[in-house]
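[1] predicted model, plus sequence, below.
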Amino acid sequence: MTLFIEQCLNGLQFGLLLFMLAAGLTLVFGIMDLVNLAHGSLYMIGAYFAATFTAWTGNFLLGVAMALAGTLLVGMALEVVVMRRLYGRDHLDHVLATFGLILFFDETVRLIWGPAGLSLPLPSWLNAPVQILPGVYYSAYKLSIIIVSLAVAVGLYFLVMRTRVGMLIRAGASNREMVGALGVNIKLLYTLVFGLGAALAGLAGLMQAPILTVQIGMGEIIIILAFVITVIGGIGSIRGAFVAAIFIGVVDTLGRAFFPDLLRMVLSPAAASTAAPALSSMLIYLLMAIVLVLKPEGLFSAGNK
Amino acid sequence: MSGWLSARTVTVVVLLAALAFLPVYVELGGSRFLLTLFTRIIILAMAAVSLNLILGFGGMMSFGHAVYLGIGGYAVGMLAHEGIYSGFVQWPVALAASALFALVIGALSLRTRGVYFIMITLAFAQMAYYIVAGLARYGGDDGLTIYKRSQFFEPINLSNKTQFYYICLFLLYASIYLVWRMVNSRFGMVIQGSRANDTRMRAIGFPTFRYKLTCFVIAGTLCGLAGALLANHTDFVSPAMMYWTRSGDLIIMVVLGGMGSVVGPVFGAVVLLVLEQALSGITEYWQIILGPLLLLVVLFARGGIDGLLGRVRHA
């Protein structure tokens, strides 16, 4: 039972992390109609920045803050230099151009930090387990990831739905020319939105960094999951991304944890241990297939477009 | 349509002839390495030609095409691992497995369009990647070495490099011919019509879903054949063959060469892989050059190489 609670929390934590990636992706797609494969690179950059700045300053929180600001700046620069030229073009162009960016970012990181991975050590106050229920302990760091991500999700909701900037963002999504004609600096707005998406990806990356190693290609692995989430949730919908991200996070984590045991009840132990890794990694894609058969446009497509 | 002696026709003929005479040049004292490099180029060109059928002509932006390279390759690798070396078993299995996968994936993915289609084909290809990486019996992540190439009847010997080169080249020419015939047939017209305006095609009575699915399966099968060749070429298969960046490479070849041009992908494959070879000779960090180069092609040279050669585009 303790294990089950722990795995549920792990799933929630993973899901929230995925949400931050998927939110940036879906925000940029919904507003600028831009497919950004290089979103995973920003996730990687966030992690590398955090590892480097923490090592420089010797202070985890300071390092994290600097990394966040750094990713925001990289994102905004990227928008001004490259992405701006891609708006209004074919999606295939987006895919190719951002694929080129991935090659560029991966190689630049290899050039600066070398091919070996980095690690981001946690300060001692985040490293200890805390008691969440009587007799149930959970990693303080993972718990803080859950809290921070939930705060970000709520903040994002308020920003988009309840503030003036959010209103402009939504207006810009539905009619770019009209908003521009009303005297809003739409270029600056887009740069800010892209920077926000980049900072979210960077935050996800740097929060994941102490759990996994910081390495080249880390973004490419996780970005596929973010795609699956945006497809399930409906492209352009932040609400959909949130629901789908938690769902995928929990299913994937629980699937990996308990699916082999379930399989062992049906199959022989040898066959189960052969089939389990392959089948549990298939699980989320099967889910995606089912959602697509029932609702080809995703769960929340009509809601927030 | 500027007569027979246009820059484009000349380049195509020169390229195809140069490919045919490469082994002769190698025999006369060229580097053996050229033969290995160009065998690889020809196999990947075949994969790009098959992708072009759905991407360039059908407008289906599949970002998971390398999965068929992997399926075709693993069909050969797994059967060889189980002691079945006959090409008459291996190759049909490779083709059938690719076709079946394409049928299932296509039937699901073609329900959607646009970005959804890109992301779904990508996700399904990754699914296949993780499944194969989880197969401990067949090497898992580390891949599988193939100790014996596919066996055919007597005079055919795939271990002979020159012979293998010509077999690959023959199959490349055959697939170009196949695609050319298909594109100019009624079937191809329906596919291209559906790219231009799917709603209108359906309104005049074509069940475009069935046409597109058929096209998707044919492209997947053709790429599966390329996968079987690739496994024989490298004597090794690994999940990396179908990693999503490999699919990206195939798209680059198609776009670089010129989308919707039958021979374009061959240009693309030759240029990309030769460039890769040349750049990696200059610096270890060659992708730092390739990435921005790609960006520039997208931003400023959309017709690809075939476009630069002045092919008239029928939009």
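    Everything's here; your move.

[2] can you show me the strands along chain B?
    For chain B, the strands defined by DSSP state E occupy B:144-145, B:236-237.

[3] quick check: the closest residue to B:Gly304 other than its chain neighbours vs B:Leu55, distance?
    Excluding the flanking residues, the one nearest B:Gly304 by C-beta to C-beta, 6 or more residues apart in numbering or on different chains is B:Gly258, at 3.4 Å. (C-beta placed from N, C-alpha, C; glycine too.) For B:Gly258, the distance to B:Leu55 equals 12 Å [C-beta to C-beta, to the nearest Å].

[4] OK, contacts around the residue sitting nearest the centre point of chain B?
    By C-alpha atoms, centre = their mean, chain B has its centre lying nearest to B:Ala47, at 1.0 Å. Residues near B:Ala47 by C-beta atoms under 8 Å, 6 or more residues apart in numbering or on different chains: B:65-66, B:68-69, B:223, B:226-227, B:250.

[5] please identify the most buried of the strands of chain B.
    strand B:236-237 (a mean of 22; mean count of other C-beta atoms under 10 Å in any protein chain shown).

[6] and that one, how far from the chain's centre?
    The chain centre lies 17 Å from the centre of strand B:236-237; the measure is C-alpha atoms, centre = their mean, to the nearest Å.

[7] what strands line up against it, and which way round?
    strand B:144-145 (antiparallel) (DSSP bridges).

[8] ok, residues contacting the strand it pairs with?
    The contact list for strand B:144-145 (C-beta under 8 Å, 6+ apart) reads B:74, B:77-78, B:81, B:138-139, B:235-238.

[9] what's the closest of those residues to chain A?
    B:Tyr138 (10.3 Å; C-beta to the nearest C-beta).

[10] roughly how far does that closest one sit from B:Tyr25?
    In terms of C-beta to C-beta, B:Tyr138 sits 38 Å off from B:Tyr25.

[11] now A:Ala209
    Counting by C-beta to C-beta, the gap from A:Ala209 to B:Tyr25 is 52 Å.

[12] just the helices from the chain, written as ranges.
    Unless you meant another one, I'm taking chain A. Remark: helices assigned in chain A by DSSP state H are A:2-32, A:39-57, A:60-81, A:91-113, A:124-127, A:140-162, A:164-174, A:176-181, A:186-208, A:218-233, A:238-266, A:269-294.

[13] look at chain B instead
    B:7-27, B:32-52, B:66-81, B:87-109, B:114-133, B:161-183, B:186-196, B:198-203, B:208-234, B:244-257, B:264-282, B:287-300, B:304-308.

[14] and the angle for the first one with helix B:161-183?
    Taking axes from the mean of the first three to the mean of the last three C-alpha atoms, to 10 degrees, one finds helix B:7-27 and helix B:161-183 inclined to each other by 160 degrees.

[15] one more: the longest one?
    Computed with the same axes, to 10 degrees, the direction of helix B:208-234 lies at 170 degrees from that of helix B:161-183.

[16] starting at the chain centroid, how far to stretch B:236-253?
    On the basis of C-alpha atoms, centre = their mean, stretch B:236-253 sits 10 Å off its chain's mean C-alpha point.

[17] how long is that stretch end to end?
    23 Å (C-alpha to C-alpha, to the nearest Å).

[18] again with stretch B:276-295
    Taking C-alpha to C-alpha, stretch B:276-295 runs 16 Å from one end to the other.

[19] find the nearest non-adjacent residue to B:Thr208, please.
    B:Ser194 (4.3 Å).

[20] and for B:His65?
    B:Leu51 (4.6 Å).

[21] what does A:Thr54 give?
    In space, not counting the residues next to it along the chain, A:Thr54 is nearest to A:Gly63; the distance is 3.0 Å by C-beta to C-beta, 6+ apart.

[22] near that neighbour, how many other residues are there?
    21 (other C-beta atoms under 10 Å in any protein chain shown).

[23] same deal with A:Pro269?
    A:Pro269, neighbours per other C-beta under 10 Å, totals 10.

[24] what's the spacing between it and A:Arg170?
    54 Å.
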